[in-house]
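Chemist: Test case, fold it:
(chains A and B)
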Protein chains: 2
Amino acid sequence: MRIIILGGDGYLGWPTAMHFAARGCEVLAVDNYMRRNIARETSSEALVEAPNLVDRAEAFEEITGKKIQVEIGDCCDYRFMERIFRDFKPTVCIHYAEQPSAPYSMKGYEEARRTLDNNLAVTFNTIWAVKEQAPDCHIVKLGTMGEYGTPPIDIEEGYIDIKHNGREGRFLFPRQAGSLYHTTKVLDTDLIWFYVRTYGLEVTDLMQGPVYGLSTDEADQDDRLLPNFHYDDIFGTVVNRFLVQAVAGIPLTVYGKGGQVRGYLNLKDTLQCVELAANNPPGKGQLRIFNQFTETFSVNQLAEEVKKAGAVVGLKVEVKSIPNPRKELEEHYYNPKHSGLTELGLKPHHMTTEVLVEMLKKIMTYKDQIVPARVLPRVVWNK
Amino acid sequence: MRIIILGGDGYLGWPTAMHFAARGCEVLAVDNYMRRNIARETSSEALVEAPNLVDRAEAFEEITGKKIQVEIGDCCDYRFMERIFRDFKPTVCIHYAEQPSAPYSMKGYEEARRTLDNNLAVTFNTIWAVKEQAPDCHIVKLGTMGEYGTPPIDIEEGYIDIKHNGREGRFLFPRQAGSLYHTTKVLDTDLIWFYVRTYGLEVTDLMQGPVYGLSTDEADQDDRLLPNFHYDDIFGTVVNRFLVQAVAGIPLTVYGKGGQVRGYLNLKDTLQCVELAANNPPGKGQLRIFNQFTETFSVNQLAEEVKKAGAVVGLKVEVKSIPNPRKELEEHYYNPKHSGLTELGLKPHHMTTEVLVEMLKKIMTYKDQIVPARVLPRVVWNK
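Modeler: As a prediction, this is how the structure comes out:
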């Protein structure tokens, strides 16, 4: 496989690049450092400063003997995209190149506009670069479970059969997201769905839940290869954030009642899922959608799990509810299906106490780099 | 009412501006001439060249004594939007400012990107300008019946109740459009729906069918006040195009089997519908959706109606099927509901032979300005 990874410097992108390169694929990692720039602009840098993408790739080659090609450029610029797709001729394109922070997208006009413009333009350019330069390339796009929101009915994998007035049809499952960031992924899905129907593209759209973890087979070999581990309110996903709070002695901040249920997965399982998708393309003219998570937890349950793991390593973990900065239901029905990736062979890494303990131990080695001011919510959209 | 009309130079925008100004409203018409520019770039100029927007407004004032304010500027530029919303303080914003041509949006990368960028950015800026500068302003947004496509189930007005596995919820009616232009309106709806839920905006989204006509109470007073009447493949809607073909002695070009059914309305009814929407706001935090058309026809039926009207004025009209340049079903179920605007008081102007004859007579006075090369499809997306 010749794999192009858009957003190859990101929390998922970099581990994905290493994962495929370690398995003998030709890998081109593409990034414009937008996330690093936003992290600096919002004082939300990762726990461990990562070398830049070129240096990371060099370190990876030094350690493993495997190569990751790098292109630094803006995927919103079609001239750039045309060139890299024409020259690299990917068979798979993994598209992670989006502004991924919900709070950032809700901060103000500039942040919202940047999120909308970037995310839509990259998806649009990916579609066109594939259509014009690599028409047999399978696009593996990262969506989010957040596209569905928290509807009162069971969430199917991407589509739903609707019976209405004695007739029936199959449609995209209705989407209704809770932040502008999540909404841009709804728009992505609509856009991709149109072009798949019109030009016969081959796409897998992965509706992923929040990811946690900083360990992968490759990252474990050297701290220079660590993923960008964020614990701040802008980029930190909830489990990662709670673990850092536990280490820093800050009470775990549960937003509101803490009854928000989501589907979570280990970073290692993101890699597995993406690989399964890449190895099993859906066929031309198909938009295949998987719900990508392995288990569901409420925020209160997560806090309990982190507390339990903390006790193992001697941390006294407190849990504290704070006013919810987000506009979301704090108690709701939630029953999303997720059998598609399991059927392809996914073997989940569950969120055991052992897994959380290993994460805590790693974070403790970087304890003095934690900046507590970055943990509490700085963006509020639940007026 | 203080009404801002985005896209105030357009086929609908200009008659709308006159309509409200004639009824005593304060009207600000805003445009950047994008449509005129695209018309020139694609050799698709209107049948009658209209004075520019400032000159049109002057002519209107000279003829009627009523004033239409004008601002020329780009609604994608938020600085411009902020200023006009802050200064004009609209109570209603009618948003027509989109690239409205399906064929143009399917022509190539540049045309598609321009359509996507413009349409999304204007909608986004409209939301923010209202939120920040005129929070009590009711947004009346022009959507399209094309958002729904031609699903195998009855089309409700915007929303549908879905029963699934013993539970039930209300959702946006699933959308699945047939061109990139129509898809940008799907994205608009998703975007507006998110911001309505989050910030309590007040929006009416009008899913309009194809419009025909060049007569309105105001336009009838002087040919300088005529709407932009397009008969080309890029901007010409099907009825207008057929009427010009009839006058020019070109066979009416039915795309494929001609069984495509759509909901149509007279330009006069667009004005009525928009006025009814403006006079009856839905309430804060509401996204109200109406299906805006008065009667449905297949393309073959339209051709027959035009033929009948042609006979009245002595035109021998031929009808000819040509390969369909579009990707669409040519025979399909179609049952869209449209009771909302009727309940508000809409009195339809139906597509009678008399109405078509009046249009033919008007077009005949401009017969020597018809450029036949503009009528046949120049963009194909049904490979």
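Chemist: Quick one: residues contacting the residue of the stretch 201-350 of chain A found nearest chain B.
Modeler: In the stretch 201-350 of chain A, the residue that lies nearest chain B is A:Lys327 (5.7 Å; Cβ to the nearest Cβ). Heads up, the C-betas are built off the backbone N, CA and C, glycines and all. For A:Lys327, the contact set (Cβ atoms under 8 Å, 6 or more residues apart in numbering or on different chains) comprises A:Gly178, A:Trp381, A:Asn382, B:Arg197, B:Thr198.
Chemist: Angles on the backbone of it, please.
Modeler: Dihedral angles of A:Lys327 (phi, psi; degrees, to the nearest 10) stand at phi -100, psi 100.
Chemist: I'd like the distance from the helix ranked longest in chain A to the chain centre, please.
Modeler: Looking across chain A with DSSP state H, the single longest helix is helix A:109-133. Relative to its chain's centre, helix A:109-133 lies at 17 Å (Cα atoms, centre = their mean, to the nearest Å).
Chemist: so what pLDDT did A:Asn382 get?
Modeler: The score at A:Asn382 is 85. That number is its pLDDT.
Chemist: Just say helix, strand or coil for it.
Modeler: For A:Asn382, the assignment made with DSSP: H, G, I helix; E, B strand; the rest coil gives coil.
Chemist: how close does the closest residue to it other than its chain neighbours sit to A:Lys268?
Modeler: Of all residues not flanking A:Asn382 in the chain, A:Lys327 sits nearest, at 4.5 Å (Cβ to Cβ, 6 or more residues apart in numbering or on different chains). Distance of A:Lys327 to A:Lys268, computed by Cβ to Cβ, to the nearest Å: 32 Å.
Chemist: what does A:Ser339 give?
Modeler: According to Cβ to Cβ, A:Ser339 and A:Lys268 sit 20 Å apart.
Chemist: out of the two, which sits in the more crowded spot?
Modeler: Neighbours per residue, other Cβ atoms under 10 Å in any protein chain shown: of A:Ser339 and A:Lys268, the larger number sits with A:Lys268, 20 against 11.
Chemist: what secondary structure does the more buried one sit in?
Modeler: Following three-state DSSP, we place A:Lys268 in the helix state.
Chemist: if I pick it, what's in contact with it?
Modeler: A:Gly213, A:Ser215, A:Thr216, A:Asp217, A:His349.
Chemist: What does the pLDDT read for the nearest residue to the fourth one once chain neighbours are set aside?
Modeler: Setting aside the residues directly before and after it, A:Asp217 is nearest to A:Ala22 in space (Cβ to Cβ, 6+ apart), at 7.0 Å. Among the per-residue scores, A:Ala22 holds a pLDDT of 98.
Chemist: Hmm, A:Arg2 and A:Glu26 touching each other?
Modeler: Yes: with contact defined as Cβ atoms under 8 Å, A:Glu26 reaches A:Arg2; the gap is 4.5 Å.
Chemist: residue contacts, A:Glu330?
Modeler: Counted by Cβ under 8 Å, 6+ apart, A:Glu330 has contacts A:Tyr255, A:Gly256, A:Lys257, A:Gly258, A:Gly259, A:Gln260, A:Asn324.
Chemist: Turn these into a markdown table, including pLDDT.
Modeler: Formatted as a markdown table, those follow (pLDDT from 0 to 100):
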| residue | pLDDT |
| --- | --- |
| A:Tyr255 | 96 |
| A:Gly256 | 96 |
| A:Lys257 | 97 |
| A:Gly258 | 97 |
| A:Gly259 | 97 |
| A:Gln260 | 97 |
| A:Asn324 | 96 |
